[in-house]
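Asks: No letters, just coordinates:
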Ligand SMILES: Nc1nc2c(ncn2[C@H]2C[C@H](O)[C@@H](COP(=O)(O)OP(=O)(O)OP(=O)(O)O)O2)c(=O)[nH]1
Ligand SMILES: Nc1nc2c(ncn2[C@H]2C[C@H](O)[C@@H](COP(=O)(O)OP(=O)(O)OP(=O)(O)O)O2)c(=O)[nH]1
Ligand SMILES: Nc1nc2c(ncn2[C@H]2C[C@H](O)[C@@H](COP(=O)(O)OP(=O)(O)OP(=O)(O)O)O2)c(=O)[nH]1
Ligand SMILES: Nc1nc2c(ncn2[C@H]2C[C@H](O)[C@@H](COP(=O)(O)OP(=O)(O)OP(=O)(O)O)O2)c(=O)[nH]1
Ligand SMILES: O=P(O)(O)OP(=O)(O)OP(=O)(O)O
Ligand SMILES: O=P(O)(O)OP(=O)(O)OP(=O)(O)O
Ligand SMILES: O=P(O)(O)OP(=O)(O)OP(=O)(O)O
Ligand SMILES: O=P(O)(O)OP(=O)(O)OP(=O)(O)O
Ligand SMILES: [Mg+2]
Ligand SMILES: [Mg+2]
Ligand SMILES: [Mg+2]
Ligand SMILES: [Mg+2]
Ligand SMILES: [Mg+2]
Ligand SMILES: [Mg+2]
Ligand SMILES: [Mg+2]
Ligand SMILES: [Mg+2]
Ligand SMILES: [Mg+2]
Ligand SMILES: [Mg+2]
Ligand SMILES: [Mg+2]
Ligand SMILES: [Mg+2]
């Protein structure tokens, strides 16, 4: 029709090739949403499990997601640097992940909150995409989120101990914690409430890490070819001597094969440290070696 | 923490000021989603009502949405040109609208499909934002979608008549319609199936238009000050003689007042022509006069 | 070659259609450049004429430039809203204008500074493109630059009078002017130096406006068809009643004809007020009427 | 002033951190410019030396340029991945490089073309910025340009031999070369014109590589600290074991020191292979090791 010219106003939005794409979602106004649905404080185990279930479903859905990390009302999804999902179109990527996640969150709600019906304003999530050029940058991104998780959880744990067990008002607790350092909060927890922060659940201290697990299966058989520990080492060497970064063209068969493996692989949720190297060295298929 | 530098990789994404922002959502793989949930063909009235209910909830939620238009598995939301919602940040706008819509869609599903439980893959929607600099452009955008609705609905109505009532296979029907014009399809419908396309429901022929209705109330009292027919005329005149397009600064009180009015105004769903001028002339508060 | 994949890293950068594109250039480090080449203070007439000559050459070269405005070491070029020059690619537009301008500036230097050879660091200009959706916005843009010109020129005139005629040091002059308003500066100029600011050259007070002049020729014959006063009025009426903003398709012949006219039209440099309406009403072909 | 709101229409345009920024300039309409100024065919040594002189001046001016590569009417400038020049603002970077280059080109023209005055249309250059996330990508970018140089030069050398020495018309030569491979062209050159392509000047076969040379001076003293061969090796090791890509904060003193070294370092122009590793291994300070 003569109106079709309006399509030309859409702007192309391809994300830079050969970068890791991180999509971070964050619950909109979850301060009031959590209150309205009587989340326990500081951590509601049902709410966190629901977030994880929704995120795991998204990860299962999109094999190009290498790893996801969640804490509080947010989740970050890391797409492999070579992904061509939606031709790397920014709006498509961020809205699809955001919409799928929301869909699962609302769909699974009754399963995790059987006694608490959802009441409007309904849960929703904003989203953004960020590109990271180097593996070190994306590792640092994840470290940033997990370090934040630790800082917030230590604060919240102490804050609510002072309120719930110490009988303080929220203002008094806030005042008490102003200017304190980590060791001060540990001290308060231990001396006043006999809580050893180290013994708090890893779930709360570390947040949730979601990825496909190939460790149990024979790596050469199950992990994406370039991502088994052996293959990864070989690749590293190859790249060092290469004169080119031309993305290796994978055959369609190979891509199909890898997708099938990814579909079959178990998506697991763990509450572990991802700041140190150990996690990554054990699972070289997740982000590769560069 | 030392990891915080990764924030600097986020790119600012403000949309051009003084343009209409259209956010269009479209169901992901609704071809198979509609089949899996046994939507009636070509138009499932429950599915369409569900789309409208979700969209109306989003419109109610965001007073900066001037009008929304939906057809099939898609919905377009038009934000006023002066909106500063989320500082016009593109990702925030598109993901928030997309996520809210999805949330309502899944939440309301049982109400509209009481007999059909939702089965994964769950419904999700992609989204995009497009800026339109002139009122004429945004009118043309909406005309484009409504013209598309008409073209598709005429095709689908004829196609499924040939299949469901004419006993053709889908291939045969496709073959039959290849190269036909509108009048040919009208003719097929009428001569073979006694269907007068003009008498088909406006719902299917026109799609759904959602907006705040101020027509019943005294305009000067209820419509945003600058948008009552009278005020609009005055504004038009003012703008013609103005040497400047400096956005009129509204006082905080006035913005609050308008928001309250918007909240109280009834959000209506109509199936009417928005290509011709009549609709717009009757409702000058929707998009203004430029 | 196998290296060609690197082209895919280039990002498309089309500017929003149906917006005015302003390209503003500004001399890099002209504070020291003007000192190094002994520009007279506060206004060096040779330097300003050189800027204008370079800008006029750029305007002559690119018929899609509707108007240009210059002051000090900067120049703004306004492209018609319907321009498709370089498919509206941002980098192409801004670098081409910037490079052409620089080329002319260096090329014409000896003509305007016959006694002053250019010494490195050579003159260079940064550039940026900004889109304006409404005629009012682009008018305001130009008003912004001209208002700035006035403010700076009044300041500089007074400042250098205090220094050059009043014998103050630059610090003393700065101190003297701190916190003063326009009327205070006018007063200083008049009472201490017998300078009536109103009698200062329009060149310095208004800056330089460059455009194609069709006023002397029979408008209907010489101005672009849609831009003669008569045609503009007709167009305005047409647009008011139109249901669509579909850009009128011009025939190739017509475009060619207009280009030829533009090439033949005289490019003029004037030092006139462009904040008030008079300038624009007299020359409706420059920006059109919306 | 009340017009200042128009500044808000400027869009922020920071380029992704931690990526190499390539700025490529290309002569506008040099087909006709070279003809108008009687460039010798296929390679005009004066024109090429002028390009190199302009590029070298730009490299000298901007210490953040690691290397530049030129051929025909184009030049590519590679900025270090950690550059913060102009806060990595795209328009600033591309216009500044483009404008400086143009300025030098016009300024130096009489020196390289003493007998040929410049006649309008004057030379100008378009420019673009492209980000490359990995060292391999930027190496491939440069390989792409140098491979292109080879392909074009072999073609042009053969083409103009056929015309100038073989007496063919340009159409005949074009026809003759249609569908030929490299070895065919080598064969034509050798058998018909006794030209051994290998003996053609490296200048024409390889294009021009411009960089700061630290090889002659004691590396540890002269090269940027992290870029001496020894330091680079150490850095490589460090990065391999690092858990983070946090950009090492350099002290202001260190940055100043490196800038001074860069300013003192000699900018050299060479016509050498940059596709193979040898060039890079010998000069680890140019792009670093990732
Ligand atoms: N009680 C409780 N609250 C939680 C839990 N997880 C998250 N929240 C709440 C605490 C915070 O107020 C909020 C998350 O902080 P945000 O910075 O995302 O703020 P909020 O979502 O309110 O605003 P936003 O729309 O993201 O700007 O969610 C939980 O497990 N239990
Ligand atoms: N039976 C039935 N199907 C519908 C109805 N509304 C939409 N659909 C189906 C018909 C189309 O196959 C599909 C919408 O077309 P699209 O172009 O959006 O394709 P689809 O969503 O499959 O793919 P996409 O992910 O958008 O590229 O949804 C309905 O009321 N009844
Ligand atoms: N003496 C003299 N100086 C002038 C004339 N026109 C411009 N200038 C100087 C005065 C200012 O220092 C400078 C323009 O100010 P800008 O804000 O553009 O600063 P500048 O170019 O130094 O730095 P920039 O690279 O643009 O950030 O150029 C003139 O006619 N005479
Ligand atoms: N005779 C001669 N011509 C040259 C020399 N270097 C470059 N040129 C000419 C040959 C080509 O026609 C032209 C470069 O090709 P381009 O693809 O850049 O085309 P051109 O600049 O004409 O158009 P453009 O504005 O870049 O799209 O410059 C030279 O050394 N001698
Ligand atoms: O939402 P917050 O508080 O985590 O902070 P942010 O996400 O950095 O801010 P924004 O959502 O406005 O980008
Ligand atoms: O999705 P379609 O088929 O309506 O077509 P489109 O939306 O223009 O295509 P895309 O979703 O790829 O932008
Ligand atoms: O350059 P100035 O001082 O006129 O200020 P600006 O142009 O707004 O700043 P920038 O050049 O950094 O965009
Ligand atoms: O200009 P060319 O012919 O080298 O080709 P290009 O540079 O890839 O094309 P464009 O200048 O249009 O980006
Ligand atoms: Mg946030
Ligand atoms: Mg939140
Ligand atoms: Mg949060
Ligand atoms: Mg689509
Ligand atoms: Mg769809
Ligand atoms: Mg659709
Ligand atoms: Mg500036
Ligand atoms: Mg300047
Ligand atoms: Mg300036
Ligand atoms: Mg080109
Ligand atoms: Mg060229
Ligand atoms: Mg070229």
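Replies: All right, it came through fine. Model, not experiment: these values are computed from the prediction. Ligands and ions are numbered 1, 2, ... in the order given.

Asks: Which positions in chain A make contact with ligand 11?
Replies: A:26, A:72, A:73, A:74 (Cβ under 5 Å from the ion). Glycine gets a C-beta too; all of them are placed from N, C-alpha and C.

Asks: Out of these, which two sit at the greatest distance?
Replies: Greatest spatial distance among those (Cβ to Cβ): A:26 and A:72, at 8.5 Å.

Asks: Which one's more surrounded, these two?
Replies: residue A:72 (21 against 15; other Cβ atoms under 10 Å in any protein chain shown).

Asks: residue contacts, that one?
Replies: For residue A:72, the contacting residues are A:27, A:30, A:149, A:152, by Cβ atoms under 8 Å, 6 or more residues apart in numbering or on different chains.

Asks: change it to 7 Å
Replies: Each residue near residue A:72 by Cβ atoms under 7 Å, 6 or more residues apart in numbering or on different chains is listed here: residue A:152.

Asks: Now do it against ligand 19, distance only.
Replies: The gap separating residue A:72 from ligand 19 is 54 Å, by Cβ to the ion, to the nearest Å.

Asks: one step back: and of the residues of chain A next to ligand 11, the nearest to ligand 19?
Replies: Distance to ligand 19, by Cβ to the ion, is smallest for residue A:26 among these, at 46.9 Å.

Asks: May I have the beta-bridge partners of that closest one?
Replies: Beta-bridge partners for residue A:26, by DSSP bridges, are residue A:74, residue A:126.

Asks: low pLDDT regions in chain A?
Replies: A:216-250, A:289-290 (pLDDT under 70).

Asks: roughly how far apart are the residue nearest the centre of it and ligand 19?
Replies: Centroid-nearest residue in chain A, with Cα atoms, centre = their mean: residue A:69, separated by 2.0 Å. Distance, residue A:69 to ligand 19, using Cβ to the ion: 48 Å.

Asks: For that residue, which residues are in contact?
Replies: Contacts of residue A:69 (Cβ under 7 Å, 6+ apart): A:76, A:142, A:145, A:146, A:207, A:209, A:274.

Asks: so which strand or helix has whichever residue of the stretch 51-200 of chain A sits closest to chain D?
Replies: Nearest to chain D in the stretch 51-200 of chain A, going by Cβ to the nearest Cβ, is residue A:136, at a distance of 2.4 Å. Using DSSP states H and E, residue A:136 falls within helix A:135-160.

Asks: In contact with the residue nearest to residue A:90 when sequence neighbours are not counted: list those residues for me.
Replies: In this structure, residue A:90 finds its nearest non-sequential neighbour in residue A:13, 4.2 Å apart by Cβ to Cβ, 6 or more residues apart in numbering or on different chains. Shown in contact with residue A:13 (Cβ under 7 Å, 6+ apart): A:89, A:90, A:91.

Asks: Mark which of the residues you listed are part of helices, please.
Replies: In helices, defined here by DSSP state H, the members of the contacts of residue A:13 are A:90, A:91.

Asks: export the contacts of residue A:13 to JSON lines and tack on neighbour count and distance to residue C:45?
Replies: Shown next, in JSON lines, are the contacts of residue A:13 (neighbours: other Cβ atoms under 10 Å in any protein chain shown; distance: Cβ to Cβ, whole Å):
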{"residue": "A:89", "neighbour count": "18", "distance to residue C:45": "53"}
{"residue": "A:90", "neighbour count": "24", "distance to residue C:45": "50"}
{"residue": "A:91", "neighbour count": "23", "distance to residue C:45": "52"}
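
Asks: returning to that earlier point: which one of the contacts of residue A:69 has the most neighbours?
Replies: Neighbour max across the contacts of residue A:69 (other Cβ under 10 Å) = residue A:207, 28 neighbours.

Asks: how close does the closest residue to that residue other than its chain neighbours get to ligand 3?
Replies: Nearest non-adjacent residue to residue A:207, counting by Cβ to Cβ, 6+ apart: residue A:71, 3.7 Å away. The gap separating residue A:71 from ligand 3 is 43 Å, by Cβ to the nearest ligand atom, to the nearest Å.

Asks: Could you double-check that residue A:71 lies in contact with residue A:149?
Replies: Yes - with contacts defined as Cβ atoms under 7 Å, residue A:71 counts as touching residue A:149 at a distance of 4.1 Å.

Asks: anything in contact with each of these two?
Replies: Shared contacts of residue A:71 and residue A:149, counting by Cβ under 7 Å, 6+ apart, come down to residue A:207.

Asks: ok, which stretches of chain A are helices?
Replies: According to DSSP H, the helices that chain A contains are A:30-36, A:45-61, A:90-112, A:135-160, A:170-177, A:182-193, A:202-206, A:219-222, A:229-241, A:252-264, A:278-282.

Asks: is the fourth one up against ligand 10 anywhere?
Replies: Put plainly, it is helix A:135-160. No - against ligand 10, helix A:135-160 shows no contacts by Cβ under 5 Å from the ion, the least distance being 12.2 Å.

Asks: burial measure for the spatially closest residue to residue A:51 that is not a sequence neighbour, as a count.
Replies: Spatial nearest neighbour of residue A:51, excluding adjacent residues (Cβ to Cβ, 6+ apart): residue A:70 at 5.4 Å. The burial count assigned to residue A:70 is 24, neighbours taken as other Cβ under 10 Å.

Asks: Let me see the contact set for residue A:70.
Replies: Contacts of residue A:70 (Cβ under 7 Å, 6+ apart): A:51, A:52, A:55, A:207, A:208.

Asks: and those residues as a markdown table, adding distance to ligand 10?
Replies: Shown next, in a markdown table, are the contacts of residue A:70 (distance: Cβ to the ion, whole Å):
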| residue | distance to ligand 10 |
| --- | --- |
| A:51 | 12 |
| A:52 | 17 |
| A:55 | 15 |
| A:207 | 15 |
| A:208 | 16 |
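
Asks: Pull the most distant pair out of these.
Replies: That would be A:55 and A:207, which, of those, are the farthest apart (Cβ to Cβ) at 11.1 Å.

Asks: picking up where we left off before, relative to residue A:92, how far out is the residue nearest to residue A:90?
Replies: 8 Å (Cβ to Cβ, to the nearest Å).

Asks: same deal with residue A:176?
Replies: 48 Å.

Asks: With residue A:143 instead?
Replies: Taken as Cβ to Cβ, the span from residue A:143 to residue A:92 is 28 Å.

Asks: Can you pick out the residue with more neighbours from the two?
Replies: The neighbour comparison of residue A:143 against residue A:92 (other Cβ under 10 Å) goes to residue A:143, with 22 against 17.

Asks: sorry, back to before: how many other residues sit next to the residue nearest to residue A:207?
Replies: 21.

Asks: list the contacts for it?
Replies: A:145, A:149, A:207.

Asks: again with residue A:156
Replies: Contacts here follow Cβ under 7 Å, 6+ apart; on that basis residue A:156 touches residue A:42.

Asks: Bridged to the residue nearest to the centre of chain A, which residues?
Replies: residue A:76, residue A:209.

Asks: What is the neighbour count of residue A:64?
Replies: So residue A:64, with other Cβ under 10 Å, has 18 neighbours.

Asks: Quick check: phi and psi on the closest residue to it other than its chain neighbours?
Replies: Spatial nearest neighbour of residue A:64, chain neighbours left out: residue A:83 (4.1 Å); criterion: Cβ to Cβ, 6+ apart. Residue A:83 adopts backbone torsions of phi -60, psi 140, taken as degrees, to the nearest 10.

Asks: Residue A:83 touches residue A:65, doesn't it?
Replies: No - contact criterion Cβ under 7 Å: residue A:83 and residue A:65 do not qualify, at 8.7 Å.

Asks: Looking at the two, which is more packed in?
Replies: Set residue A:83 next to residue A:65 and count neighbours by other Cβ under 10 Å: residue A:65 wins out with 25 against 21.

Asks: ok, the more buried one - contacts?
Replies: A:59, A:77, A:78, A:79.

Asks: I appreciate the help and will end here.
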